[in-house]
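[1] let me see the structure of the following:
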Amino acid sequence: MCRIGAIKSSDYIHPSQALLLMQSQQKGHDNSGFAMVMHDLGGIFQNYKNLPTLSLACTDEGLKLAEDILHEAGFSRVLQWVPETYPHPNLDIIAMPNYVFETFNYPKHLRKASQKEKEDLLLDMRLKLRFALEEGDQGYVYSFWPDVVTLKEIGDPRDIGTYFNLWEPNDQLTAKVITAQCRQNTNYDIVRYAAHPFFLQGYTALANGENTFYLKNKEMQRKLHRGYIGFESDSQCFLYTLHYVHRELGWPLPYYKHVITPLPFDQVERRDDRDELLAIRQSMTHLEINGPNTIIGVLPDNTLFTCCDAKKLRPVVVGRSANMVAISSEVCGINEIMPERNWQEDIYPNEREVVVVGQDLEVQRWKQ
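    From the prediction side, this is the model:
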């Protein structure tokens, strides 16, 4: 069983908090990797929130190839941050030669373009970079988006934290929303793209469990959008459905829950929105999920949420303090970073609700 976690804070926090959230939960295969997505960046990226940042792990050749592609497309680099690493032969990590985080200005002819035009361009550029670097295994492009940084690596999470000096808080790399998982994908081949969390156009999702409707999800999703690619993990389907329902269809977040875990027909018949829910079941049946899982997601406006499968077969808990809300697959993780909170206010979401953390850290429980 995977372990997942997320933190949303009113203050900028360092990734060390995400490592602490996860370390007490680790068991077995959970020590096979570490990945995180950081939204609403502080530190050295704080003054560039409207410009896209590329998160890249690559060879020397891959770095040159990626920069040449971006330069040819008209992007100009305004910031480059290469984290200082601390290699040691005793560390359990399969490291790439380079880890580069670069912020770019848009091509001149698109700087006054609409938001949608810019967002479509960033997706197309990330896909182009990914396909180019896949040839010869030259690197991995995790995200290319404003106000977002992504890191994924194979190895023991503690050693990965040591390699990148993530155990020592500093004010260079901080964010107000961090999602993390301390496990590589163990159901399929272990590749960096398969590690949770998954990111697409401002949306992040990670899961604790399995999606036994993976094949029918994948067959439908790969026809819906050019960005739905890879499918290295069954849990990527959770992200693609979130993106499709919320961004492409423009539906409010509660309908995401109705798509992935629809209500039984006898309950639908008693509701005022009966016609809408029946239409969803009819048209979105191949996006329904099954199996034991808990999902954590982040929306482009940095709203954080969690929901469970229709039988509540995987655990999740939400804890809060005055300036922080954390979601964790096990309460011991929250105890690690919020020992002084009022644990009686902890929320254990049920199978028919979505727990949402808004901009002011207000926690809402939406009944399906």
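[2] please count neighbours and contacts with C-alpha atoms only from this point.
    Fine.
[3] find the residue ranges of the protein scoring beneath the pLDDT cut-off.
    Scanning the chain for pLDDT under 70 picks out 1-2, 26-31, 183-190.
[4] so where do the helices sit in it?
    16-23, 60-72, 115-134, 157-163, 214-221, 236-243, 254-260, 265-268, 274-283, 331-337 (DSSP state H).
[5] gap between the first one and the chain center?
    Its chain's C-alpha centre and that of helix 16-23 lie 16 Å apart, by Cα atoms, centre = their mean, to the nearest Å.
[6] what does stretch 302-311 give?
    Distance of stretch 302-311 from the chain centroid (Cα atoms, centre = their mean) equals 13 Å.
[7] next, the buried residues of it.
    Residues 302-310 are the ones in stretch 302-311 that count as buried (16 or more other Cα atoms under 10 Å).
[8] list the buried residues of stretch 157-165.
    157-163, 165.
[9] ok, so of these, who is nearest I94?
    Checking these against I94 by Cα to Cα gives I160 as the nearest, at 9.2 Å.
[10] and that closest one, what does it touch?
    Applying Cα atoms under 8 Å, 6 or more residues apart in numbering, we find I160 in contact with 33-34, 91-93, 153-154.
[11] now, of these, which are buried?
    33-34, 92-93, 153-154.
[12] quick revisit: redo the buried residues of stretch 302-311 as a markdown table? Include distance to S76.
    Listed next are those as a markdown table, based on distance: Cα to Cα, whole Å:
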| residue | distance to S76 |
| --- | --- |
| N302 | 27 |
| T303 | 30 |
| L304 | 32 |
| F305 | 35 |
| T306 | 37 |
| C307 | 40 |
| C308 | 42 |
| D309 | 44 |
| A310 | 47 |
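[13] now intersect these with the strands, please.
    304-308 (DSSP state E).
[14] of the helices of the chain, flag the one that's most buried.
    Among the helices of the chain, the stretch with the highest mean neighbour count (mean count of other Cα atoms under 10 Å) is helix 236-243, at a mean of 26.
[15] hmm, who's touching that helix?
    198-200, 203-207, 214, 217-218, 221, 228, 231, 256, 287, 295, 297.
[16] can you do 7 Å?
    198, 203-205, 217-218, 228, 256, 287 (Cα atoms under 7 Å, 6 or more residues apart in numbering).
[17] relative to I94, how far out is P87?
    Applying Cα to Cα, to the nearest Å, the value for P87 to I94 is 11 Å.
[18] correction: the previous question concerned Q46.
    30 Å.
[19] who's more crowded, the two?
    Just comparing Q46 and I94: by other Cα atoms under 10 Å the higher neighbour count belongs to Q46, 15 against 12.
[20] so how many other residues sit close to A73?
    A73 has 12 nearby residues by other Cα under 10 Å.
[21] er, S55 actually
    23.
[22] is it correct that it is in contact with Y142?
    Yes: assessed by Cα atoms under 7 Å, S55 is found in contact with Y142 at 5.6 Å.
[23] any common contacting residues for these two?
    With Cα under 7 Å, 6+ apart as the test, S55 and Y142 both reach T150.
[24] give the contact list for I7.
    Taking Cα under 7 Å, 6+ apart, one finds 177-179, 325-327 in contact with I7.
[25] about what we covered before: how about CSV for the contacts of helix 236-243, with distance to L127 added?
    Converted to CSV, those look like this (distance: Cα to Cα, whole Å):
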residue, distance to L127
F198, 14
Y203, 16
T204, 17
A205, 19
N217, 21
K218, 18
Y228, 10
Y256, 25
L287, 23
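[26] and of the residues you listed, the nearest to L123?
    Closest to L123, out of all of those and judged by Cα to Cα, is Y228, at 10.8 Å.
[27] how far away is the closest one from C307?
    22 Å.
[28] neighbours around G319, how many?
    Using other Cα under 10 Å, G319 has 24 other residues around it.
[29] so it sits against P349, correct?
    No: contact criterion Cα under 7 Å: G319 and P349 do not qualify, at 11.3 Å.
[30] so who does N50 touch?
    146-147.
[31] nope, A207 is what I was after
    Here A207 is in contact with 4, 235, 293-296 (Cα under 7 Å, 6+ apart).
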